[in-house]
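# give the three-dimensional model of this entry:
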Amino acid sequence: ALTDAQAKQAEDVQQHAMDMQAVKEGQADQREKHSKALQSVRDECDRRVEKAVSAMEAVLNGQLGDIAQLKDKLDEMADALDKHAKEVAALKDAQTKQDENLQKNAIDMHKEAMSAIK
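Numbering: from 1, shown residues only. So this is what the prediction gives:
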């Protein structure tokens, strides 16, 4: 038979084992709560990041549309400037030809006048 001291010691050991089991279960519960809380935070962060990315994509897509419109307008302006430059060059050529004809006519008239004088 066990002595009172041994019985008390056995009872203390058993109580300690139950206390340790309770601590283990408590720690497991805490780990589970923390894990759920962390997952909730991760989910919220993912949702916010996704929302921010979507907003930035919308802004960028709008800017790309604006840039495309500006490019089209610039292309139109460049075409108009090319056309204008060709028109100016044609007018310049016509003016040069007219100046040459006037000079030729003046020379011819001068020759005729000189011939008439002789």
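# please identify the helix or strand for the most centrally placed residue in the chain.
Centroid-nearest residue in the chain: residue 60, 4.6 Å away (criterion: CA atoms, centre = their mean). According to DSSP states H and E, residue 60 maps onto helix 4-117.
# I'd like the mean pLDDT over that helix, please.
Helix 4-117 shows a mean pLDDT of 95 in the predicted model.
# list the helices and strands it packs on?
Of the remaining helices and strands, none touches helix 4-117 by 3 or more CB pairs under 8 Å, 6 or more residues apart in numbering; DSSP states H and E. For every residue, glycine as well, the C-beta is placed using N, CA and C.
# what about it, distance to the chain center?
On the basis of CA atoms, centre = their mean, to the nearest Å, helix 4-117 sits 1 Å off its chain's mean C-alpha point.
# for the residue nearest to the centre of the chain, give its distance to residue 13.
Remark: distance between residue 60 and residue 13 (CB to CB, to the nearest Å) = 69 Å.
# same check, this time on residue 108
138 Å.
# now swap in residue 25 and tell me
For residue 25, the distance to residue 13 - CB to CB - is 19 Å.
# give me the number of residues near residue 36?
Other residues lying near residue 36 total 10 when counted by other CB atoms under 10 Å.
# and if you look at the one 5 residues further on?
By the criterion of other CB under 10 Å, residue 41 has 10 neighbours.
# what sits against it?
Residues counted as contacts of residue 41 (CB atoms under 8 Å, 6 or more residues apart in numbering): none.
# that one and residue 21, how far apart?
30 Å.
# how about residue 92?
For residue 92 relative to residue 21 (CB to CB), the value is 103 Å.
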